[in-house]
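Asker: All I have is the shape, not the residue letters:
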């Protein structure tokens, strides 16, 4: 009977840990506007990077200047990343005609996992290879937790930063305030 209680307690503890992991962790960082326009003192994003997309084509992040950019650092193995992706797909479809872009940068993974993953999830936005790029980590990191997502205004300033699972509603409000 004691073993049963111990196993039950361990099961509930594991369930609690998994449940917490699926929400924003208590230590998750959220900076910026929480739905308001970009603050005047927002830091400029370093977009001076050239990365390869799924087709092997070179993409310059600086080419997104003048657009509202959701820059998401993610991995194919990341469960919270998988939860956020459908919202990014929806928001990109909804707002791309208004100057909104979504760019997913694969990190802490193998980039050759990305093409089949993107196809399976029907990702309609740009996916780039950021694996083993110390310059990316220095500019936007440290990327110790995934997903890490930045909302960058048309003027290149970082208006929001989210570490961990973030609701679609939170992203949507921030994006609408910048469009």
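Answerer: Arrived safely. Since the model is a prediction, treat every value here as computed from it, not as a measurement.
Asker: shaky segments in the protein?
Answerer: Residue ranges of the chain with pLDDT under 70: 1-36.
Asker: mind redoing it with 80?
Answerer: Scanning the chain for pLDDT under 80 picks out 1-37.
Asker: what's in contact with stretch 117-134?
Answerer: Residues from elsewhere that reach stretch 117-134 (C-beta atoms under 8 Å, 6 or more residues apart in numbering): 49, 51-54, 59, 73, 76, 82, 85-86, 88-89, 92-93, 101-111, 114, 136. Glycine gets a C-beta too; all of them are placed from N, C-alpha and C.
Asker: What segments of the chain are helices?
Answerer: With DSSP state H as the criterion, the chain has helices at 2-22, 79-95, 114-121, 134-140, 168-178.
Asker: what separates the shortest one from the chain centre, distance-wise?
Answerer: Counting by C-alpha atoms, centre = their mean, to the nearest Å, helix 134-140 is centred 15 Å from the centre of its parent chain.
Asker: same deal with the last one?
Answerer: Relative to the mean C-alpha coordinate of its chain, helix 168-178 is positioned 14 Å out (C-alpha atoms, centre = their mean).
Asker: Of the contacts of stretch 117-134, which qualify as buried by neighbour count?
Answerer: 49, 51, 54, 59, 73, 76, 82, 85, 88-89, 92, 101-109, 111, 114, 136 (16 or more other C-beta atoms under 10 Å).
Asker: Would you agree residue 153 is in contact with residue 70?
Answerer: No - under the contact definition of C-beta atoms under 8 Å, residue 153 does not touch residue 70, with a separation of 11.2 Å.
Asker: Identify the residues contacting the residue sitting nearest the centre point of the chain.
Answerer: Residue closest to the average C-alpha location in the chain (C-alpha atoms, centre = their mean): residue 72, at 2.9 Å. Residues near residue 72 by C-beta under 8 Å, 6+ apart: 81, 84, 88, 102-105, 147-150.
Asker: Quickly note the distance from it to residue 54.
Answerer: Separation of residue 72 from residue 54 (C-beta to C-beta, to the nearest Å) stands at 15 Å.
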